[in-house]
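1. no FASTA, just this:
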């Protein structure tokens, strides 16, 4: 029984020993698919089967390599059979030639779908009409891609690409393990952008407002774009400081999740940690609140006068009502959201030297009102004010 069959036009099949006598029929076929039954290395393995398979593989490969052109072929499938040369395919729309030993391809002017993964290609022909391209794992690696103005799906993992062509219609881009520093604009990226593990490290991403899946781990990203439709986010091992809003990601649903480990400056509030099951406090929690205090110290409306006032408060046991009003206004001008104010209050409770509960109790006993939101000060005795707000 033949291990390899050549199927043509979906209704005829030729075993290896009938290829030559049907050469003209095969050459003029509209659809060609080479099927194989590979030996299974199990308890029933017979080394003679493997020898027969290898002999048939060589005959089949040499037969197709001897053909100059397949002028009528619209669909050509020849995978995992060691092909080293491809016939001319002038009208072929679908070409599946993955896992062979091809070093170059002929012109494919009508090609709409090309799968040429796991070969030895250094470059690709013009693919102006191509909508679906898969060219992963070329050895030693593709360095450039042709223009792809109609491409809707591109998979080019594990190459040496430093740039990608414009992809105005691309809905799905998977380009892991290359040398990219930048991704082109993707105005129609409605499914996924998977661009992890760039050797040089991606530093920015384009707008992808309709993208559902973003995987960009192991890069140098400092910020992510808006992701209103994103359901899956993997952004580990970057330099992120904040996460974007993710209204469409609902972790209680299947295949909805966020993974953002190993971003040492990343800050997110407790509500985000709870929603996405992230560790809390966030790795960038201390950095975030240091920046908030720096905003207090550097607020433009207060500027140097406020800094001097702060130093005066730290040196003296009491301050004047006028000074207290200036300080109150400066903090109120921060205009933090309610959640940030709660986070800031929680942070102050943990600061060394702050007697938070004691100060609150003293203020209550004296009948004074201290707004529970940290940025609003109504009235407090000078000593309690100093304890509550200043001694950090």
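-> Sure, I can see it. Just so we're clear, the structure is a prediction, and the values are computed from it rather than from any experiment.

2. excluding chain neighbours, what is closest to residue 182?
-> residue 204 (6.5 Å; Cβ to Cβ, 6 or more residues apart in numbering). The way it works is simple: take the backbone N, C-alpha and C, and place the C-beta from them, glycine included.

3. roughly how far is the helix ranked longest in the chain from the heart of the chain?
-> For the chain, the helix with the greatest residue count under DSSP state H is helix 47-65. Centroid separation between helix 47-65 and its chain, computed with Cα atoms, centre = their mean, to the nearest Å, is 42 Å.

4. now stretch 242-253: average pLDDT?
-> Averaged over stretch 242-253, pLDDT sits at 93.

5. buried set for that stretch?
-> Using 16 or more other Cβ atoms under 10 Å as the test for burial, stretch 242-253 gives 242, 243, 244, 246, 249.

6. I'd guessed the second one sits against residue 260; true?
-> Yes - with contact defined as Cβ atoms under 8 Å, residue 243 counts as touching residue 260 (6.6 Å).

7. okay, and the common contacts of those two?
-> Common contacts of residue 243 and residue 260, defined by Cβ atoms under 8 Å, 6 or more residues apart in numbering, comprise 233, 235, 266.

8. show me the contacts for the second one.
-> Right, the one you point to is residue 235. Residue 235 makes contacts with 214, 215, 216, 217, 221, 224, 243, 259, 260, 263, as judged by Cβ under 8 Å, 6+ apart.

9. list buried residues within the residues you listed.
-> 214, 215, 216, 217, 221, 224, 243, 260, 263.

10. just the residues you listed now: which is nearest residue 93?
-> Closest approach between the buried ones among the contacts of residue 235 and residue 93, by Cβ to Cβ: residue 215, at 30.6 Å.

11. which residue ranges of the stretch 101-250 of the chain form strands?
-> Here the stretch 101-250 of the chain has its strands, by DSSP state E, counting those that start in this stretch, at 113-115, 132-134, 153-155, 172-174, 192-194, 213-215, 232-234.

12. save those strands as CSV, and put in distance to residue 277 and mean pLDDT too.
-> Putting these into CSV (distance: least, Cβ to Cβ, whole Å; pLDDT from 0 to 100) gives the following:
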stretch, distance to residue 277, mean pLDDT
strand 113-115, 37, 98
strand 132-134, 34, 98
strand 153-155, 30, 98
strand 172-174, 26, 98
strand 192-194, 22, 98
strand 213-215, 18, 97
strand 232-234, 13, 97
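
13. pipe the ones you listed into CSV and attach distance to residue 200 per row.
-> Shown next, in CSV, are the strands of the stretch 101-250 of the chain (distance: least, Cβ to Cβ, whole Å):
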stretch, distance to residue 200
strand 113-115, 27
strand 132-134, 23
strand 153-155, 19
strand 172-174, 18
strand 192-194, 17
strand 213-215, 18
strand 232-234, 19
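
14. returning to what we had before: tell me the buried residues in the longest helix of the chain?
-> 49, 52, 53, 56, 57, 60, 61, 63, 64.

15. hmm, residue 83 and the last one touching each other?
-> Yes - under the criterion of Cβ under 8 Å, residue 64 lies in contact with residue 83, with a separation of 6.5 Å.

16. gap between residue 284 and residue 202?
-> 20 Å (Cβ to Cβ, to the nearest Å).

17. circling back to that earlier point, so which of the buried ones among the contacts of residue 235 are in helices?
-> Those of the buried ones among the contacts of residue 235 lying in helices (DSSP H): none at all.

18. quick check, nearest of these to residue 272?
-> residue 243 (6.7 Å).

19. not counting sequence-adjacent ones, nearest residue to that closest one?
-> Nearest non-adjacent residue to residue 243 (Cβ to Cβ, 6+ apart): residue 268, at 5.5 Å.

20. how many neighbouring residues does that neighbour have?
-> Other residues near residue 268 come to 25 when the count uses other Cβ atoms under 10 Å.

21. same thing with the one 10 residues further on?
-> Taking other Cβ under 10 Å as the neighbour definition, residue 278 ends up with a count of 19.

22. now do the contacts for it.
-> 258, 260, 268, 272.

23. need the helices for the stretch 51-200 of the chain, in chain order.
-> Here the stretch 51-200 of the chain has no helices by DSSP state H, counting those that start in this stretch.

24. residue 96 and residue 80 touch, don't they?
-> No - the pair residue 96 / residue 80 is not scored as a contact, 10.6 Å apart, by Cβ under 8 Å.

25. for the stretch 1-150 of the chain, which residues score under the pLDDT cut-off?
-> The model of the stretch 1-150 of the chain has pLDDT under 70 over residues 1, 38-49.

26. rewinding a little: show me which of the contacts of residue 235 is closest to residue 111.
-> residue 215 (28.0 Å).

27. pLDDT wise, what is residue 227 at?
-> 97.

28. what does residue 270 give?
-> 84.

29. so who does the closest residue in space to it that isn't next to it in sequence touch?
-> Closest residue in space to residue 270, ignoring its immediate chain neighbours: residue 280 at 5.7 Å, by Cβ to Cβ, 6+ apart. Contacts for residue 280 (Cβ under 8 Å, 6+ apart) come out as 270, 273, 274.

30. could you measure residue 280 against residue 246, distance?
-> To residue 246, residue 280 is 17 Å away according to Cβ to Cβ.

31. also residue 71?
-> Distance from residue 71 to residue 246, counting by Cβ to Cβ: 52 Å.

32. again with residue 132
-> 29 Å.

33. let me see the domain layout of the chain.
-> 1-161, 170-283, 287-390 (automatic domain parsing).

34. burial check on the residue lying closest to residue 127 once chain neighbours are set aside, number of neighbours?
-> Among residues not flanking residue 127 along the chain, residue 146 sits closest, at 5.3 Å (Cβ to Cβ, 6+ apart). Neighbour count for residue 146, taken as other Cβ under 10 Å: 15.

35. roughly how far does residue 146 sit from residue 96?
-> The value you get for residue 146 to residue 96, if Cβ to Cβ is used, is 19 Å.

36. and residue 31, what are its phi and psi?
-> phi -140, psi 130 (degrees, to the nearest 10).
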